[in-house]
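> Here is my input, please return the structure:
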Amino acid sequence: MKPKSRRAPSSSPLTRNLLSAALACAAVSFNCSTPSSEPQLGSETNFLKHCDGTCGPGLSCLCGTCTKTCSTAKDCADLAKGAECLGGPVGPSAPDSCSEAPSCELHCTAHADCKELGKDFRCEAGSCRRGTPSCDKTLESGDFTRELTLGGVRRSYLVHVPEARRVDSTTPLLIDFHPMSFDAPWERSHSGFLELSDQEGFIAVWPQGLENSWDVGPCCSLSTEADASPQVNDLDFATALIRQLSTEACIDLERVYATGFSLGGSVAYYLGCQHAEIFSALAVSGMDLFDAKEIGCDPALPVSVISFRGTADTVISYEGGAGTAPGHPEIVHDFQGADGTFQTWAKLDDCSEAASAPDANGCSTFDTCADDSEVILCTSEGAGQFQGDAAQAWQMLAKHKRD
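The predicted model follows:
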């Protein structure tokens, strides 16, 4: 299989904000503006070590991690080469309160990016971390509603923690995005992942879009609140909820997946495009990638994808081209089409051979791709826009993780 050369993380303001917004932690009173003359390694200072109260000199336990607040990158220069001052207008409101103060972080896309900190450091959800969070933080089984504040706007999401999970080990996480004009409870009831969560033992989350819509860049925010708050972005929301949920539950951060239906599928796609260091695999129903002229897709790592499409879809044409949001004729965007999206992901994942012929389920697969990734298009002849089979989707998702 072809090796995948790791691209540098995007330096665009949007991508930077997506990563930094989810890393904000509590303010502390000490002065951290004067770096020492010799940079120290994380193993010496406990920098970026998981903690429950005790850290090395000059550090504090902020939201479960040994770090310190900062105002510029210079404030972090004494901690590790490449450490950045990241933060923003995100403060999880429950269960643990964190302020909006920026803190020192080291961004990564693979474990090798953390090697200068010491052999015990790994890349977890885009940040270097030492040690493993205590599983005594794992939520009890059941259903919960959580909230966080993003760009001054209150956001919410539903959580289902299955009985089947192992309480003494980390648990995979799947985030499931609802279609435009529908809501999180509707998606929870209709996607099939609620029942599958109990069968397979993964935590499932259903985020709620503002005014039942999503904003992935070119499309399709309807909320006046969102319009008035450009810092609010639903890719930010997804990364922020992972950070928040990780303070309560023992999430397997190497097995985080995104799925969605229709416009919710766009959120899943572009989380893969912009946060491949977090999401290793995607399952999308009734949606394609936007035309590259509207928004690009440049994942830093290979991302496995399974897509479910109907040839008679009247919302997002199977052939591609212009599409209009249901009930909103003023919202028109161009799409790559089902096959165009299939080929684009194959190219992004450096797939080296042709796709297989469709199987009995209408699924064609590129399976000789970088880092053992795969790209699957499941076509239903004569079908309109439909939810894909959750069990089939999970079968693919569960095979992939971030090493």
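> can you point me to the longest strand in this structure?
strand 251-261 (DSSP state E).
> how far off strand 251-261 does the helix or strand following it point, in degrees?
Sequence order places helix 263-274 as the next helix or strand after strand 251-261, per DSSP states H and E. Taking axes from the mean of the first three to the mean of the last three CA atoms, to 10 degrees, helix 263-274 and strand 251-261 form an angle of 130 degrees between their directions.
> where does the chain dip in pLDDT?
Applying pLDDT under 70 to the chain flags residues 1-44, 87-101, 132-138, 164-169, 222-232, 326-327.
> Can you show me the helices along it?
Secondary structure of the chain (DSSP state H): helices at 13-21, 42-45, 184-190, 193-200, 224-228, 234-246, 263-274, 338-348, 390-397.
> Looking at the ones you listed, spot the one closest to residue 153.
Nearest of the helices of the chain to residue 153, taken as CB to CB: helix 224-228 at 5.3 Å. C-beta coordinates here come from the backbone N, C-alpha and C atoms, glycine included.
> just checking, what packs against the longest strand of the chain?
Other helices and strands packing on strand 251-261, by 3 or more CB pairs under 8 Å, 6 or more residues apart in numbering; DSSP states H and E, are strand 171-177, helix 234-246, helix 263-274, strand 279-285, helix 390-397.
> Adding mean neighbour count and distance to residue 204, write the ones you listed out as TSV.
Shown next, in TSV, are the helices and strands packed on strand 251-261 (neighbours: other CB atoms under 10 Å; distance: least, CB to CB, whole Å):
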stretch	mean neighbour count	distance to residue 204
strand 171-177	26	5
helix 234-246	24	11
helix 263-274	28	14
strand 279-285	28	12
helix 390-397	21	10
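> Which one of the helices of the chain lies nearest to residue 323?
Between the helices of the chain, helix 263-274 lies closest to residue 323; by CB to CB that is 10.4 Å.
> what would the helices of the chain look like in a markdown table with distance to residue 176?
Below are the helices of the chain laid out as a markdown table (distance: least, CB to CB, whole Å):
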| stretch | distance to residue 176 |
| --- | --- |
| helix 13-21 | 19 |
| helix 42-45 | 35 |
| helix 184-190 | 6 |
| helix 193-200 | 5 |
| helix 224-228 | 21 |
| helix 234-246 | 11 |
| helix 263-274 | 8 |
| helix 338-348 | 20 |
| helix 390-397 | 9 |
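> and of the ones you listed, who's closest to residue 363?
Among the helices of the chain, helix 390-397 sits nearest to residue 363 (CB to CB), with 8.1 Å.
> mind checking how far the closest one is from the chain centre?
18 Å (CA atoms, centre = their mean, to the nearest Å).
> go on, stretch 368-379?
19 Å.
> tell me the contacts of residue 304?
Taking CB atoms under 8 Å, 6 or more residues apart in numbering, we find residue 304 in contact with 280, 281, 282, 349, 369, 373, 374, 375, 396, 397, 399, 400.
> Quickly list what the closest residue to it other than its chain neighbours is bridged to.
Closest residue to residue 304 apart from its sequence neighbours, by CB to CB, 6 or more residues apart in numbering: residue 281 at 4.0 Å. Beta bridges link residue 281 to residue 257, residue 304 when assigned by DSSP bridges.
> Could you report the neighbour count for the closest residue to residue 79 other than its chain neighbours?
Here the nearest residue to residue 79 in space, its sequence neighbours aside, is residue 47; by CB to CB, 6+ apart that works out to 4.7 Å. Applying other CB atoms under 10 Å, we find 30 other residues in the vicinity of residue 47.
> next one: phi and psi at residue 47?
Dihedral pair for residue 47: phi -60, psi 130, per degrees, to the nearest 10.
> That one and residue 319, how far apart?
Relative to residue 319, residue 47 is positioned 52 Å away (CB to CB, to the nearest Å).
> And residue 55, by the same measure?
Going from residue 55 to residue 319 by CB to CB gives 56 Å.
> So between the two, which is more surrounded?
Under the neighbour definition other CB under 10 Å, residue 55 and residue 319 were set side by side, and residue 55 has more, 19 against 12.
> Now do the contacts for the residue nearest to that one when sequence neighbours are not counted.
In space, and not counting its chain neighbours, residue 55 is closest to residue 66: 3.7 Å by CB to CB, 6+ apart. Neighbouring residues of residue 66 by CB under 8 Å, 6+ apart: 45, 46, 47, 48, 49, 50, 51, 55, 56, 59, 60.
> before we move on, back to that, for the longest strand of the chain, list the C-alpha coordinates in PDB.
Only the C-alpha atoms of strand 251-261 are listed here, as PDB (Å, rounded to 0.1, in the frame of the first residue of the first chain):
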ATOM      1  CA  ILE A 251     -13.400   8.300  25.600                       C
ATOM      2  CA  ASP A 252     -11.100   6.300  23.300                       C
ATOM      3  CA  LEU A 253      -9.700   9.300  21.400                       C
ATOM      4  CA  GLU A 254      -8.200   7.000  18.800                       C
ATOM      5  CA  ARG A 255     -11.700   5.800  17.800                       C
ATOM      6  CA  VAL A 256     -13.800   8.900  17.300                       C
ATOM      7  CA  TYR A 257     -16.200   8.800  14.300                       C
ATOM      8  CA  ALA A 258     -18.600  11.200  12.600                       C
ATOM      9  CA  THR A 259     -21.800  10.400  10.700                       C
ATOM     10  CA  GLY A 260     -24.800  12.400   9.500                       C
ATOM     11  CA  PHE A 261     -27.700  12.600   7.100                       C
END
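> ok, how many other residues are close to residue 73?
Other residues close to residue 73 by other CB under 10 Å number 14.
> show me what contacts it?
By CB under 8 Å, 6+ apart, residue 73 lies in contact with 83, 84, 85.
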